[in-house]
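Peer 1: Let me see the structure of the following:
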Amino acid sequence: MASLKKVAEKANVSIFTAYKALNNSVEIDSITRKAVSQAADSLNYNFNVTLRDVAAYVGVSTTTVSYVLNNNPLVKPETRELVKKAIKELNYHPNTNARNLKSNETRMIGYAWHVMEDPIRRNAILDRFLYDMAQAAESYGFHVLTFTQPAQLGFKPYEALISTNRVDGFILTDTTFNDSRIQNLLEKKVPFAAWGHSNPDLDYSYIDVDGRRGMELVIEHLALRGHKKIGFLGWPEGSVAGDARKEGYSDALRTAGIEPRPEWIGYTPNIVEYAHQAAQQVLSASPGITAVVCVNDIMALGVRSYLESVNLQIGEDVAVTGYDDTPIAELLGLTSVRQPVNEVATRVIDLLMAEIQGISLAKKQIILEPSLIIRASSKGRK
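Peer 2: Presented below is the predicted three-dimensional model:
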């Protein structure tokens with residue numbers, strides 16, 4: 001979602017200058033005003049100062065601004081004054097829909113932790129998402145209630161929270177095809193929004209990152225570096241995100257004039273040891289493979305483990321790429337696809353707030369673009 005900060009960045013001016021330009025202030029020259037206007041138009045931005053704009057202007061978190069608005073004593077006096085000054089200068093008015101809540105609202109959002117396939121190596125991308133999501137929720141005066149969702153319990157944990165009125169809505173992740181959570185929440189008319197899409201015929205609010213495009217970026221990069229035999233490690237078929245990334249891999253290879261072969265593809269859960277075995281299977285079946293792409297960074301760890309066991313070096317003998325750009329990727333010098341997690345988190349909360357408040361949005365299904373972070377692990381062929 002476009003913001004005053006993004007408009008300012010695109011026009012290469014300060015947030016305050018962008019605000020004054022859009023407010024037709026006589027202090028702003030015509031050239032600057034035109035640049036800001038063009039930036040706003042290109043981002044499809046409707047002039048509306050938000051809590052996040054105030055936070056960006058001051059250089060604090062949205063939580064801090066929310067605390068100031070709610071007279072929370074935890075905020076330092078000097079910070080409180082800076083926030084109040086920014087509120088005045090940007091003429092910010094709090095979202096009355098979010099602040100004037102019905103008396104029966106809990107101001108709590110439910111979010112389920114799924115059982116981890118590898119309890120030792122947790123999902124760093126979802127850890128970061130939860131943190132960013134909690135901050136975004138707090139900007140609306142809401143908090144996140146986490147709970148576990150063992151697969152065998154299905155929808156029961158959700159039913160318990162709904163029946164006891166513990167939450168006002170839910171955020172979903174790890175969506176699947178024929179996702180029972182989505183179907184049940186739609187039937188019960190319980191507000192929710194998701195990071196991830198499901199069946200095309202299910203009409204609900206979600207934001208997603210284009211996994212197909214992410215894998216295309218990887219293959220395009222490797223093809224330019226001379227790789228023609230490229231392996232793939234993915235989750236077992238049936239995963240929404242995994243299937244999209246595999247399709248991106250296959251389509252990008254064909255675009256590069258390379259026909260993917262079944263023996264180049266291996267399937268594994270998110271466990272390093274299993275990824276090690278899958279890498280062994282793929283590379284043993286096709287000795288000519290010069291690169292392996294993985295649907296996440298944890299699998300790339302398994303590939304690295306296998307390569308080291310046979311005295312091969314990642315990035316020198318075999319190029320390896322990951323997905324999610326977790327701290328693991330930076331530590332290992334691993335080329336990886338970066339998802340805009342902060343934007344996903346803030347916008348999925350915006351979608352949920354609209355659902356809770358009964359606001360009809362013109363666009364409630366949003367797809368964001370990933371980016372490729374290139375490091376030493378994806379060098380060209382020798």
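Peer 1: And the strands in the stretch 201-350 of the chain?
Peer 2: 206-209, 230-234, 265-267, 291-294, 319-323, 335-338 (DSSP state E, counting those that start in this stretch).
Peer 1: could you say what helices and strands the last one packs with?
Peer 2: What that stands for is strand 335-338. On a contact count with 3 or more Cβ pairs under 8 Å, 6 or more residues apart in numbering; DSSP states H and E, strand 335-338 meets helix 211-224, strand 319-323, strand 371-373. Backbone N, C-alpha and C define where each C-beta goes, glycine included.
Peer 1: Give me the angle between the first one and strand 319-323.
Peer 2: It stands for helix 211-224. Angle of helix 211-224 versus strand 319-323, following axes from the mean of the first three to the mean of the last three Cα atoms, to 10 degrees, is 160 degrees.
Peer 1: Now stretch 214-221: buried residues?
Peer 2: 214-219, 221 (16 or more other Cβ atoms under 10 Å).
Peer 1: and what of stretch 198-209?
Peer 2: So stretch 198-209, judged by 16+ other Cβ under 10 Å, has buried residues 198, 202, 204-209.
Peer 1: same check, this time on stretch 44-52
Peer 2: Under 16+ other Cβ under 10 Å, the buried positions of stretch 44-52 are 45, 49-52.
Peer 1: buried sites along stretch 297-315?
Peer 2: So, applying 16+ other Cβ under 10 Å, buried residues of stretch 297-315: 297-307, 314-315.
Peer 1: starting at the chain centroid, how far to it?
Peer 2: Offset of stretch 297-315 from its chain centre (Cα atoms, centre = their mean, to the nearest Å): 26 Å.
Peer 1: likewise stretch 335-351?
Peer 2: 3 Å.
Peer 1: State the number of residues packed around residue 343.
Peer 2: Per other Cβ atoms under 10 Å, the neighbour tally for residue 343 reads 17.
Peer 1: State the distance from it to residue 176.
Peer 2: Residue 343 sits 23 Å away from residue 176, taking Cβ to Cβ, to the nearest Å as the criterion.
Peer 1: low-scoring stretches of the chain, by residue?
Peer 2: Counting by pLDDT under 70, the ranges of the chain that qualify are 1, 94-104, 114-123, 152-153, 380-382.
Peer 1: got TSV for the buried residues of stretch 214-221, with distance to residue 363 too?
Peer 2: Shown next, in TSV, are those (distance: Cβ to Cβ, whole Å):
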residue	distance to residue 363
214	22
215	25
216	24
217	24
218	28
219	30
221	31
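Peer 1: Relative to residue 325, which of those is nearest.
Peer 2: Distance to residue 325 across those (Cβ to Cβ) is lowest for residue 214, with 10.2 Å.
Peer 1: which residues touch that closest one?
Peer 2: The neighbours of residue 214, taking Cβ atoms under 8 Å, 6 or more residues apart in numbering as the test, are 245, 248, 323, 337, 339, 370, 372.
Peer 1: Just give me the closest of those to residue 81.
Peer 2: The closest of the contacts of residue 214, once distances to residue 81 are taken by Cβ to Cβ, is residue 339, at 36.7 Å.
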